[in-house]
Every structure is written in structure tokens, then in C-alpha cells.
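Undergrad: pasting the sequence and the predicted coordinates here, then a few questions.
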Amino acid sequence: VQLVESGGGLVQAGGSLRLSCAASGGTFSSYSMGWFRQAPGKEREFVVCITWSGSITDYADSVKGRFTISRDNAKTTVYLQMNSLKPEDTAVYYCAAKFGPPHNDAWQYAYWGRGTQVTVSS
């Protein structure tokens, strides 16, 4: 499956962005999806994941209450709505796909997009 992220950009602190991850080449509804991010000089970290049905989600503590993941299986797209952005949210954001239950460990994901840059200015 191929994944392509979009929607990143430059935003002021307190602002919002909506990331999209379009999937192709596979049975999208079979995959659990995750969003991860990597800031300069840091390791890739878990942000949020969602089951194939969208019924179960799991968020990193750092984004709870500010970020919302959703998916549209008919459009083979997963979204990440990011509100109340902070400078520490600055990173490249990646979406990832895996069979089976979602997970917060990046190593569990077989498919990755190339990422989209999110920069939050103070």
C-alpha cells in the first residue's frame, strides 16, 4: 500500500492544521493506521493510532485533547486534526499502516508515507 501525506505547513502557536493521508494500492479498510512524528535531532515518536473501523483510538499524552484522528474508508484516507498547536509540535508527520490491531510502536508498521512538515511558530 502507498501512503501520501498532505496538509502540513507553517502555523502560529494556537492555530490548527488538518493533515490527510491518502492510501492506494491495498485494501485500506484492512489496515490499522497510525500517525507518528519526528522532530530534528529526535527519534520518531507515536502520536495517535486508529483501528480499521475507526472505533478505537489511542493518543499520546502530549496530544490528547488537542489532536483528533479519523478515517474515511470509502475515500481511503485518514485525517489528523490538530488544534491548539504548540511550538513543540513542530516535526515531520508520518502516517503508517499495519495489519491487525493498532499499536504505538513504529516498528509494528509495515507501510509508511514520506511525511509532511508541520512548523509551529511561537
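TA: Received the coordinates, thanks. Because the structure is a prediction, the values reported are computed rather than measured. Numbers count the residues shown, from 1 in each chain.
Undergrad: quick one: residue 95 from residue 14, how far?
TA: Between residue 95 and residue 14 the distance, using C-beta to C-beta, to the nearest Å, works out to 24 Å. All C-beta spots, glycine's among them, are computed from the backbone N, C-alpha and C.
Undergrad: these two: which is more packed in?
TA: Neighbour comparison, residue 95 and residue 14: the larger count goes to residue 95, with 29 against 11 (by other C-beta atoms under 10 Å).
Undergrad: could you report the separation of that one from residue 67?
TA: For residue 95, the distance to residue 67 - C-beta to C-beta - is 13 Å.
Undergrad: what sits in contact with each of these two?
TA: Counting by C-beta atoms under 8 Å, 6 or more residues apart in numbering, the common neighbours of residue 95 and residue 67 are residue 80.
Undergrad: can you give me the buried ones in stretch 21-35?
TA: Within stretch 21-35, the residues that qualify as buried are 21, 22, 23, 28, 31, 32, 33, 34, 35, counting by 16 or more other C-beta atoms under 10 Å.
Undergrad: okay then, goodbye and thanks.
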